[in-house]
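Q: generate coordinates for the sequence data below:
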Amino acid sequence: MRDPYEVLGVAKNASEAEIKKAFRTLAKKHHPDTKGGDPAAMKRFQELSGAYDIIGDKEKRAKFDAGQIDAQGNAKGFDPRAQGFEGGFPFGQGGPGRGHAGQGPGDFHFTWGNRGGQQGGQPGGQQSSEGFSPEDIFADLLGGFGGRGRRPQPQPGQDFEVQTTVSFEEAAGGGTRRVVLPNGEQIDVKIPAGLKDGQQIRLRGRGGAGRNGGPPGDVLILVSVAPHAYFTRDGRDLKVDLPVSLKEAVLGGKVPVNTLSGTVALSIPPGSNSGKVLRLKGKGIAGAGHERTGDLYVRLVVTLPEADDAELRAFVEHWKTAYDPRNS
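A: Numbers count the residues shown, from 1 in each chain. Below you'll find the model as predicted:
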């Protein structure tokens, strides 16, 4: 194994706190459970663990610095293969991060070699001269991974998804709508002004309860907007068809037109054709934030009376104007 100081990236005169911090940071980064069981990560993790076993222990570090033991914790001149050790690691068979035979990949039972004259002691049974064991660090590291003794991880609560339909006027001007959640709870939901068909409203923290101290879920409300009897919507603008008589179209005049905020008088210019579009500024959907307030676009539809009008017929029959709209 490489020099343990080099493996952990610390100086030879590093303090115990600096060595411990370096090991914790690297072990979290390279733990096999965070790498999907990648063999390279396992090898790197074993190397880090072996390095910390040497210089993370005050007595072993002193012996290593004095040249009495090598980077694997063996006395100089000692051949671990001749003694039945696998790979020369100071850990139990299989190295750190592997379970004993018959255990699943999530069961981490680390064995630490040659502490206090004992070989392969179980976690929790061996301590350094400072009264702390590397297992204390692994217990913290493995809290979020698999393995025995792991702490339950916080889990967010379930998100509730519901659907509701609001009127065109509610979507345009805002309002309040009561909805029933999947758990039977009824809540009043604020409908923001200018809401669009298919828009989703999120109520954070109103969903299912979290587990193990996790945050509650959200409520996701998919809103459909019912169509209007005569308005259509284009962004924040509104469009409407307005029937006008032949006289109004020819001579012009004031014609009442409905808007979302009430009825207003629209000025029809003389000689207006069917299909002419007039704009009522600011009579569309109210703006939100930096968005402008929309306009209302009124399309004139010249409409003749349903019943036969003898006077109109006589007028047209004697109308001398040679006007052909198809050639205009």
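Q: CA atoms for contacts and neighbours, from now on please.
A: Will do.
Q: okay, and the beta partners of L296?
A: L238, L280 (DSSP bridges).
Q: mind listing what it touches?
A: Counting by Cα atoms under 8 Å, 6 or more residues apart in numbering, L296 touches D237, L238, K239, V240, T259, R279, L280, K281, G282, K283, G284.
Q: filter the residues you listed down to just the buried residues.
A: Neighbour-count burial (16 or more other Cα atoms under 10 Å) is assigned, among these, to D237, L238, K239, V240, K283, G284.
Q: so which strand or helix has the last one?
A: Spelled out, it's G284. When elements are assigned from DSSP states H and E, G284 belongs to no helix and no strand.
Q: measure it to L220 for me?
A: Distance, G284 to L220, using Cα to Cα, to the nearest Å: 28 Å.
Q: cool, the second one as well?
A: Computed as Cα to Cα, the L238 to L220 distance reads 28 Å.
Q: go on, the first one?
A: In this view, D237 and L220 are 27 Å apart by Cα to Cα.
Q: next one: the fourth one
A: Computed with Cα to Cα, the distance linking V240 and L220 is 33 Å.
Q: kindly report the same for G208.
A: Using Cα to Cα, G208 is found at 12 Å from L220.
Q: swap in R177?
A: Distance of R177 to L220, computed by Cα to Cα: 14 Å.
Q: between those two, who's got more neighbours?
A: A side-by-side neighbour count of R177 and L220, using other Cα atoms under 10 Å, places L220 first with 19 against 14.
Q: double-check that that one belongs to a helix.
A: No - if the criterion is DSSP: H, G, I helix; E, B strand; the rest coil, then L220 is strand and not within a helix.
Q: what are the bridge partners for it, then?
A: Residues in a beta bridge with L220, per DSSP bridges, are E161, R202.
Q: for it, list the residues it contacts.
A: For L220, the contact set (Cα under 8 Å, 6+ apart) comprises D159, F160, E161, V162, Q200, I201, R202, L203.
Q: many thanks, I have nothing further to ask.
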